[in-house]
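[1] here is my input; please provide its structure:
(chains A and B)
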2 protein chains.
Amino acid sequence: MCHLLDSARRSIYPVNPSVSEILGLATYSSVADIPGSIDLAVIAVYAPQVPAVLRECVQKRVKAAVIISAGFAETGEQGQKLQAEVVNIARQGGIRFIGPNSMGHVDALSQLSTLAWLEGITSGSVSVISQSGNYGELIVRHGMASGIGFSKFISTGNEADLHLEDYLEYLAQDESTRIIALYIEGLREGRRFLQLAKETTARKPIIAVKAGGTSASARAARSHTGALAGSDAVYTAAFKQAGVMRVNDNHELCDVAIALLTQPLPRNNRVAILTIGGGPGVVASEACEREGLAVATLSSSTIEKLDTCLPSRWSHGNPVDVAGMTVRKRAFLFASLWALMEDENVDAVLFQLPVILNAKRLSTILGFDDEAARAFQDMQEENLSRTAQKAKELGKPVFIVTLISDAETSAFLRRVGIPAYPSPHRVARVLHHLVWYRRYLDAAAV
Amino acid sequence: MCHLLDSARRSIYPVNPSVSEILGLATYSSVADIPGSIDLAVIAVYAPQVPAVLRECVQKRVKAAVIISAGFAETGEQGQKLQAEVVNIARQGGIRFIGPNSMGHVDALSQLSTLAWLEGITSGSVSVISQSGNYGELIVRHGMASGIGFSKFISTGNEADLHLEDYLEYLAQDESTRIIALYIEGLREGRRFLQLAKETTARKPIIAVKAGGTSASARAARSHTGALAGSDAVYTAAFKQAGVMRVNDNHELCDVAIALLTQPLPRNNRVAILTIGGGPGVVASEACEREGLAVATLSSSTIEKLDTCLPSRWSHGNPVDVAGMTVRKRAFLFASLWALMEDENVDAVLFQLPVILNAKRLSTILGFDDEAARAFQDMQEENLSRTAQKAKELGKPVFIVTLISDAETSAFLRRVGIPAYPSPHRVARVLHHLVWYRRYLDAAAV
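    Presented below is the predicted three-dimensional model:
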């Protein structure tokens, strides 16, 4: 509740028959006693008391509720009956509700939160619908740590009234939502989901974690929210048809979201790799090919351009190994990067070189004095900004593999809008999704 | 060279005909001019000058060299001839050498380093043989950041004289090496490798990144160190026969190494999952099953034990969802964890709950005062230490998924020796390797 309180800008009426004050607010002994009208009821009482509370809400003409209380359909027959009773009261009384067994919901823009956790969500344009409150939390926490901001968050709970499909329909038309992230255990309206998702992905991407695809995980999903996970193959086919990007976990979900937020979709799957050292180039090539990407064949004019930027011993092919070019000559790297971006045979570039924007480390590693380090840093920052700009203009995404990372560099790359990942495998996985989504959209447009 | 200088405890003789001083050390104009005897020559001159320098070394009765210089077999026919000449001089003169085109080598224990990078390697028991200096650097850097210490490091370069197999033979009997990590592009003595690896893995694990398994990556490997990558299927079969754990990249390599350094090998593949929230439990179950692990069926006596530790609404099955048990009752969690570890149907435990050892965050999140936070922290630390001890006694590995992580907690877990990973997928992958290796050893012992 304290987060509801923190959110301010609205009146809070705590209802509790046993105590007179909660967190400094005077309580009411029943919903009926509340003076003003009520926009939203947040119900977190013991499950068997929910019907009575809901009846009070009906009398008070409340139109919306979030039922946090657990102990309904997910617990067995007794709970199913109780849930049916709650649905009945709400239907007859004209109340729509989230839950029960929900963890709450958030609108980061208006700072309304009915969650008991997630203090201070960074506001942004990713919205989350999660059939697990805890998993939703993992998506949001990892997302924030990766620099992602959020718009709406809904922990759907048992979906006794409002379904995942209802929230999806809302977010599809919500202007503050650019990307929709889903955690799905089982859909209640498969056909409607398919139709909605199809319409939505034509305008904004949907990224989904679908769990319960193996036997023990399906069993666990059933006892969790009572959802029937259904055949994994059916979900795979439905997602494919509807343009939904399916990811393995919250980490992959955030990796893809960051790319979608900052980079254009690649036209095709041909990747140029700019790397330091042969080994990392070999590993990056393999990572790309294993994800269905092609290691681009560079055009001869690009090879010629690179000959003017790189030491003569460079690899003369893709991956472009700069062959130990000294850090001091780093400015030429950007010329090489841009040459690759401009190649008509290249759809995306993976930049796998140490980017160091931390002045102290520059001094230590390169032996630069303060002034030289600052100048070097300025040069790098300017060139990185230009790179981000170029990616947009050319419609070719650029990804950095941060072989060596520090907080300062990560922060700068985020500011500029170039996504950075710790390994080429993660970039290749992200590109796999982006290429797939682009092809889906192209095919759908025909 | 500065790292060689840093290493102290030995005499350094810089040789350079053009300058009289390098980094404060008087130079010699030729190897012959050096007064004392020489244990190791580090050669980093322009490639065409290497034969002359090596001849000087022969005359000075040097027995070992590291040839950093590039521009040999990896560059084409001319370079191949030069390399053959160098090998010839060394053979006739009785010199064994690393390289050419090597980045150098390290012995962290005696603090000898011929690398131009990697200042201050943490000493420990993992040794690395890498057919890419840069990729070796990635292994060591990521390893150090993950808390791994290193013993020996060899960047093999072109392997004109000493081969990867020679280093492997040495490390197999090296008492300060507990784990051998390999980056392989192509083996020069496949049969010998197989035999050596088989003998070695019976005593100490070998973890290998083998790159070049796809067409573009094989091409890149060829131009990098002249290695013929060979058929990927052949390598896969050889590694299987020899008990070598094959990983995708430096991240997975370090994940496995940490587990091997701290945990016993599991007897079999049955995993118990202790988790907060249904969703994370479903995802963890799926991750385990996809890696060939089984979600263990708990014995009835374990279920009874858990009934005494957990709230009545717990999932009553595996994954064990503590169903929102408050953090304050966290002591009971350890009783649950130990009950799972003691179950005869369980071979390994995945503990997926927030572990918070940072006093300030405990105060904020739980509203504890300083004293209460400290007591809570002491309780957690004591129980984690006991858990690590129990894992050893029972021969059952324990892994923590750090859903929420902070530096203090990571540091403590490292000290205690419980490996922590940010996602269940990474734990499942590590366990996959450990189960495989254990089965390999069991089969080999029959």
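[2] kindly check the end-to-end length of stretch A:256-276 for me.
    One end of stretch A:256-276 to the other measures 25 Å (Cα to Cα, to the nearest Å).
[3] now do the buried residues in the helix ranked longest in chain A.
    Counting by DSSP state H, the longest helix found in chain A is helix A:370-394. By 16 or more other Cβ atoms under 10 Å in any protein chain shown, the buried positions in helix A:370-394 come out as A:373, A:376-377, A:380, A:383-384, A:387-388, A:390-391, A:394. For every residue, glycine as well, the C-beta is placed using N, CA and C.
[4] can you pull the contacts of the nearest residue to residue A:123 once chain neighbours are set aside?
    Nearest in space to residue A:123, with sequence neighbours left out and distances taken as Cβ to Cβ, 6 or more residues apart in numbering or on different chains, is residue A:108 at 3.9 Å. By Cβ atoms under 8 Å, 6 or more residues apart in numbering or on different chains, residue A:108 lies in contact with A:121-124, A:149-153.
[5] do residue A:247 as well
    The neighbourhood of residue A:247, defined by Cβ under 8 Å, 6+ apart, consists of A:207-209, A:253, A:256, A:433.
[6] ok, those residues vs residue A:130, which is closest?
    residue A:209 (8.8 Å; Cβ to Cβ).
[7] now do the same for that closest one: helix, strand or coil?
    Residue A:209 falls in the strand class when you classify it by DSSP: H, G, I helix; E, B strand; the rest coil.
[8] that one contacts residue B:283, doesn't it?
    Yes - at 7.2 Å, residue A:209 and residue B:283 qualify as touching, with contact defined as Cβ atoms under 8 Å.
[9] of the two, give the one with the bigger neighbour count.
    residue B:283 (34 against 26; other Cβ atoms under 10 Å in any protein chain shown).
[10] pretty sure that one sits against residue A:139.
    No - at 10.9 Å, residue B:283 and residue A:139 do not qualify as touching, with contact defined as Cβ under 8 Å.
[11] between the two, which contacts overlap?
    By Cβ under 8 Å, 6+ apart, the residues touching both residue B:283 and residue A:139 are residue A:209.
[12] longest single strand anywhere in chain A?
    Longest strand in chain A by number of residues (criterion: DSSP state E): strand A:123-130.
[13] contacting residues around that strand?
    With Cβ under 8 Å, 6+ apart as the contact definition, strand A:123-130 has outside contacts at A:108-109, A:136, A:139-140, A:143, A:148-156, A:164, A:167-168, A:171, A:174, A:176-183, A:257, A:261, B:279.
[14] and the contacts of residue A:108, which two are furthest apart?
    Across the contacts of residue A:108, the longest distance by Cβ to Cβ is 13.3 Å; it joins A:122 and A:152.
[15] who has more neighbours out of these two?
    residue A:152 (21 against 13).
[16] hang on, that one in a helix?
    No - Residue A:152 sits outside any helix when classified using three-state DSSP, being strand.
[17] any idea how far chain B is from the nearest residue to it once chain neighbours are set aside?
    Leaving aside its chain neighbours, residue A:152 sits nearest to residue A:127 (4.1 Å; criterion: Cβ to Cβ, 6+ apart). For residue A:127, the distance to chain B equals 17 Å [Cβ to the nearest Cβ, to the nearest Å].
[18] look at whichever residue of the stretch 101-250 of chain A sits closest to chain B and report its pLDDT.
    At 2.1 Å from chain B, residue A:132 is the closest residue in the stretch 101-250 of chain A, using Cβ to the nearest Cβ. Residue A:132 is assigned 92 on the pLDDT scale.
[19] for the residue in the stretch 201-350 of chain A that chain B sits nearest to, what are its contacts?
    Using Cβ to the nearest Cβ, residue A:279 is the residue of the stretch 201-350 of chain A that sits closest to chain B, at 2.1 Å. Listed by Cβ under 8 Å, 6+ apart, the contact partners of residue A:279 are B:130-136, B:183, B:185, B:211, B:224.
[20] filter these down to just the ones in strands.
    Reading strands off the contacts of residue A:279 with DSSP E, I get B:130, B:183.
[21] between which two of the contacts of residue A:279 is the distance greatest?
    It's B:133 and B:211 that sit farthest apart of the contacts of residue A:279, by Cβ to Cβ, at 14.1 Å.
[22] out of these two, which sits in the busier spot?
    Applying other Cβ under 10 Å to residue B:133 and residue B:211 shows that residue B:211 carries more neighbours, namely 32 against 29.
[23] which residues does the more buried one contact?
    When the contact criterion is Cβ under 8 Å, 6+ apart, the partners of residue B:211 are A:279, A:282-283, A:286, B:135, B:183-185, B:217, B:221, B:229.
[24] tell me the SS of residue A:110?
    Classified using three-state DSSP, residue A:110 is coil.
[25] please name the nearest non-neighbouring residue to residue A:369.
    Nearest one to residue A:369, counting by Cβ to Cβ, 6+ apart, is residue A:363 at 7.1 Å.
[26] same check, this time on residue A:298
    Nearest non-adjacent residue to residue A:298, counting by Cβ to Cβ, 6+ apart: residue A:318, 5.3 Å away.
[27] number of nearby residues for the closest residue to residue A:210 other than its chain neighbours?
    Excluding the flanking residues, the one nearest residue A:210 by Cβ to Cβ, 6+ apart is residue A:184, at 4.7 Å. Counted with other Cβ under 10 Å, the neighbours of residue A:184 add up to 25.
[28] so residue A:184 touches residue A:207, yeah?
    No - counting by Cβ under 8 Å, residue A:184 stays clear of residue A:207, with 11.1 Å between them.
[29] need the phi and psi values for the residue at the greatest distance from the centre of chain A.
    In chain A, counting by Cα atoms, centre = their mean, residue A:312 sits farthest out from the average C-alpha position, at 42.6 Å. With angles defined as degrees, to the nearest 10, residue A:312 sits at phi -60, psi -20.
[30] what's the answer for residue A:351, then?
    Torsion angles, degrees, to the nearest 10, at residue A:351: phi -110, psi 110.
[31] which residues touch it?
    A:274, A:337, A:398-401.
[32] contacts with chain B among these, please.
    By Cβ under 8 Å from any Cβ of the partner chain, no member of the contacts of residue A:351 lies near chain B.
[33] need the max-distance pair from these.
    Pairwise distances across these (Cβ to Cβ) peak at 13.0 Å, for the pair A:337 and A:401.
[34] up against chain B, what does the stretch 301-446 of chain A have?
    For the stretch 301-446 of chain A, the residues in contact with chain B (Cβ under 8 Å from any Cβ) are A:313, A:315-319, A:321, A:323-324, A:403-404, A:422-425.
[35] ChimeraX command to pick out the buried ones of the contacts of residue B:211?
    Listed next is the ChimeraX selection for buried residues among the contacts of residue B:211, using 16+ other Cβ under 10 Å:
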select /A:279,282,283,286 /B:135,183,184,185,217,221,229
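[36] what's the closest of the contacts of residue B:211 to residue B:45?
    Using Cβ to Cβ, residue A:279 is the member of the contacts of residue B:211 that lies nearest residue B:45, at 23.7 Å.
[37] name the element that closest one belongs to?
    helix A:278-290 (DSSP states H and E).
[38] what's the average pLDDT for that helix?
    93.
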